[in-house]
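S.K.: Just a sequence and a predicted model for now, questions to come.
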Amino acid sequence: MFPLDIHKLQELFLYNPDEPLIFNSGLFLFLFTGFLWIYISLSKTHKPKLIFVTLFSLYFYYKSSGAYFILLLFATGIDFTLAKLIHTSKDQWYRKFYIIVTLVVNLGMLGYFKYTNFLFDSFFSIAGGDFQPMDIFLPVGVSFFTFQSLSYTLDVYRGNLKPVDSILDYAFFVSFFPQLVAGPIVRASDFLPQIYKPTIVTNEMFGRGVFLIGCGLFKKAVISDYISINFVDRVFDAPTLYSGLENLFAVYGYGLQIYCDFSGYSDMAIGIALLLGFRFPLNFDSPYQSKNITEFWRRWHISLSTWLRDYLYISLGGNRKGEARTYLNQMTTMLLGGLWHGASWRFIIWGALHGAALTMHKFYRSRFPKAPSQNTQWRNFGRIFITFHFVCFCWIFFRAANITTVVDILNQILFHFNAGLFSEVIEGYKVVMMLMVIGYLLHFMPREAELAAQETITSMPLAGKAAFMISVIILVIQSKSSGIQPFIYFQF
C-alpha cells in the first residue's frame, strides 16, 4: 500500500499563495465533484442550500487569498447594512450620506490594496526621492466583488431594486464562487430573483453548461497557456532578442491568449452556474469580429463595459450635457476603466487609447451617419481588420512590463522586421502557430456554427457528454508543459 502523508494531505486543503484554487486544477475537479453530490441533495431546500454554497464559496476564496476572505465578509456586512439604511431612510440627506459611506468604504478598500504603492510611487517620482514599495497583498478578485457589491447599493439608492431581507441571501449573491474572483460581474437585479426560484436544471441548461465548461477549459488550458508559456512570454520578456516578425506574432499571440484566458474563465463560470441552476449573462461575444471600437466594447468583457456605462458614464452625465461633455465623460470612463485593470501608467495609457478611439468614432458617426454603400463585404472586412489591429496595438501596453518594453517591441516591428525569417519562425514554433490558427479560426467561426455545436452536445446522451469532457481533459493533460497557470484577470 502507498503510505499516506497526513501533513501533505492537510497542506493540499490549506491556502497556498503559489497554488490558488482555479477551475482548471485537479483539486477543484475533486472538490466540485463532492460539492455537487451534496448540492443535489440540498437543491430542493432554500436555507440549507444557501448556507452550504456560501460556506463553500468562502472556502473557495480562502484557497485563493487566504485570511483575506474576511475582507469579503466585511464588504458583505457593510453593503447589506447600508443598503437597508438607504431604503428605509426618508430623509434625502441621510440617503446621500449612506451612499457616500458605501462609496468611500468600497472604493477606499479597493484603493488601499490596489493603488497605494502606485500613488506614492507617482508622487515621489514627481517630487523627487526614492520610494520603497510597501508589502501590500492584493486579494484575488477584489475589483470584481467590489464592483458587484457596489452595483447592489447603487441600484437600491436609485430605487431600481429593493434590498434583500436576509444577509444570507446577500452573502450568497456576493460570494457565489463561479464568478467570485474573475467575473462576470453579475447584477443583483439579474441574480437575486433566481435565488428564490426552485433549483431546476433543464436538459438545455445541463448541455449548455457542459459545452461551455469544455470550451472554456480548451481555450484556457490548451490554447492560452501553451502559446503563453512557449512563445508570448518569452518574447515580451526580452523583445530585443527576437526579430520584428516574432514580436508581431507575439502581439497577435497575446491578443488570442488574453481572449482565450478571460473568455475561457467566463465560459467555465457560466457553465458551472448553469449546472447549479443559475443563469449568468454573456460576457464575450466574438469581440475580434467587431467592425469598430464601439462594437468591440459591446462584445468584450460585456459585464464590465455595461457596469462602467451604467454606474460611471451615466453618473457623470452621459450624453445628456452636450457634445463636448459627452466626449469628456467617455474619455474619463475609459481612463478609469484602464486604471481598474491595474495600478500602472501602462493601463492608463491603454484606457486613454481606447477612450480616444471611442470618442473619435462617436464624433465620426455624428458627422457622417451610416449610409448604404457598395462592396459592403469588403468594407466590413477592412473595418474588422483595422479594429483588430488597433486593439492588438493597445494590448502591447496592457501586456508589457514597462514602457521601455513597449518601445522595444515597436522598434523591433518597425525597424528590425526581417520578413525573410517567416518560414523559420513557422517551423520553429509550429505547434504554437498551429494553435494560434485554430484559436483565431474558432473565434471567427459564424455564430450559427457555434450554436450548432452547442446543440449537438446538448442532444447527446449523458455518456456522450461525459466522453466530450474526458476528451477535453485528455487534451489539457497532453498539452500541459508546466504547473497550473493562474488566469490573467486574477491580478485585477
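M.R.: Sure, I can see it.
S.K.: Can you list the residue ranges for helices in the stretch 51-200 of the chain?
M.R.: Secondary structure of the stretch 51-200 of the chain, counting by DSSP state H, counting those that start in this stretch: helices at 69-88, 92-127, 142-158, 167-175, 188-195.
S.K.: out of these, nearest to residue 357?
M.R.: Closest of these to residue 357 is helix 142-158, at 23.1 Å (criterion: C-beta to C-beta). In this view, the C-beta of every residue, glycine as well, is placed from N, C-alpha and C.
S.K.: can you tell me the average pLDDT over that closest one?
M.R.: The pLDDT scores in helix 142-158 average 90.
S.K.: just to revisit the earlier point, any idea which of the helices of the stretch 51-200 of the chain gets closest to residue 342?
M.R.: Nearest to residue 342, of the helices of the stretch 51-200 of the chain and by C-beta to C-beta, is helix 92-127 at 8.2 Å.
S.K.: what's the offset of that closest one from the middle of its chain?
M.R.: 23 Å (C-alpha atoms, centre = their mean, to the nearest Å).
S.K.: Quick check: which ranges of the chain have low pLDDT?
M.R.: Low-confidence segments of the chain, defined by pLDDT under 70, span residues 1-10, 370-375, 481-492.
S.K.: mind checking the SS state of residue 283?
M.R.: coil (DSSP: H, G, I helix; E, B strand; the rest coil).
S.K.: quick one on the thing from earlier: could you say which of the helices of the stretch 51-200 of the chain is packed most deeply?
M.R.: With neighbours defined as mean count of other C-beta atoms under 10 Å, the helices of the stretch 51-200 of the chain peak in mean count at helix 142-158, which reaches a mean of 23.
S.K.: now it against helix 92-127, angle please.
M.R.: Interaxial angle of helix 142-158 relative to helix 92-127 (axes from the mean of the first three to the mean of the last three C-alpha atoms, to 10 degrees): 150 degrees.
S.K.: could you turn helix 142-158 into CSV, dropping everything but the C-alphas?
M.R.: The C-alpha coordinates for helix 142-158 follow below in CSV (Å, rounded to 0.1, in the frame of the first residue of the first chain):
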residue,chain,number,x,y,z
VAL,A,142,-11.2,42.4,-5.2
SER,A,143,-12.1,44.6,-8.2
PHE,A,144,-14.8,42.1,-9.2
PHE,A,145,-16.6,41.6,-5.9
THR,A,146,-16.3,45.3,-5.0
PHE,A,147,-18.0,46.4,-8.3
GLN,A,148,-20.6,43.7,-7.9
SER,A,149,-21.5,44.8,-4.3
LEU,A,150,-21.5,48.4,-5.3
SER,A,151,-24.0,47.8,-8.1
TYR,A,152,-26.4,46.5,-5.4
THR,A,153,-26.2,49.5,-3.2
LEU,A,154,-26.3,51.9,-6.1
ASP,A,155,-29.4,50.2,-7.5
VAL,A,156,-31.1,50.4,-4.1
TYR,A,157,-30.2,54.1,-3.9
ARG,A,158,-31.6,54.8,-7.4
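S.K.: any idea of the angle it forms with helix 188-195?
M.R.: 90 degrees.
S.K.: i'd like the first residue to be 203 from this point on
M.R.: Sounds good: first residue 203 from here, last item helix 344-360.
S.K.: that older thread, compare the helices of the stretch 253-402 of the chain and give me the one nearest residue 253.
M.R.: Of the helices of the stretch 253-402 of the chain, nearest to residue 253 by C-beta to C-beta is helix 369-377, at 6.8 Å.
S.K.: CA atoms only: put the closest one into CSV for me.
M.R.: Only the C-alpha atoms of helix 369-377 are listed here, as CSV (Å, rounded to 0.1, in the frame of the first residue of the first chain):
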residue,chain,number,x,y,z
ILE,A,369,-28.0,38.8,5.0
LEU,A,370,-27.6,35.1,4.0
ASP,A,371,-29.3,35.9,0.6
TYR,A,372,-26.9,38.8,0.1
ALA,A,373,-23.9,36.8,1.1
PHE,A,374,-24.9,34.1,-1.3
PHE,A,375,-25.1,36.7,-4.1
VAL,A,376,-21.7,38.4,-3.4
SER,A,377,-19.7,35.3,-2.7
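S.K.: and the angle for that helix with helix 390-397?
M.R.: Using the same axes, to 10 degrees, helix 369-377 lies at 120 degrees relative to helix 390-397.
S.K.: Point out the other helices and strands that helix 369-377 packs with.
M.R.: Under the contact definition 3 or more C-beta pairs under 8 Å, 6 or more residues apart in numbering; DSSP states H and E, helix 369-377 sits against helix 249-267, helix 271-290, helix 344-360, helix 390-397.
S.K.: Tell me which of those helices lies nearest to residue 437.
M.R.: So among the helices and strands packed on helix 369-377, helix 344-360 is nearest, using C-beta to C-beta, at 27.7 Å.
S.K.: Let me have the helices and strands packed on helix 369-377 in JSON lines, extended by distance to residue 650.
M.R.: Formatted as JSON lines, those follow (distance: least, C-beta to C-beta, whole Å):
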{"stretch": "helix 249-267", "distance to residue 650": "36"}
{"stretch": "helix 271-290", "distance to residue 650": "41"}
{"stretch": "helix 344-360", "distance to residue 650": "32"}
{"stretch": "helix 390-397", "distance to residue 650": "27"}
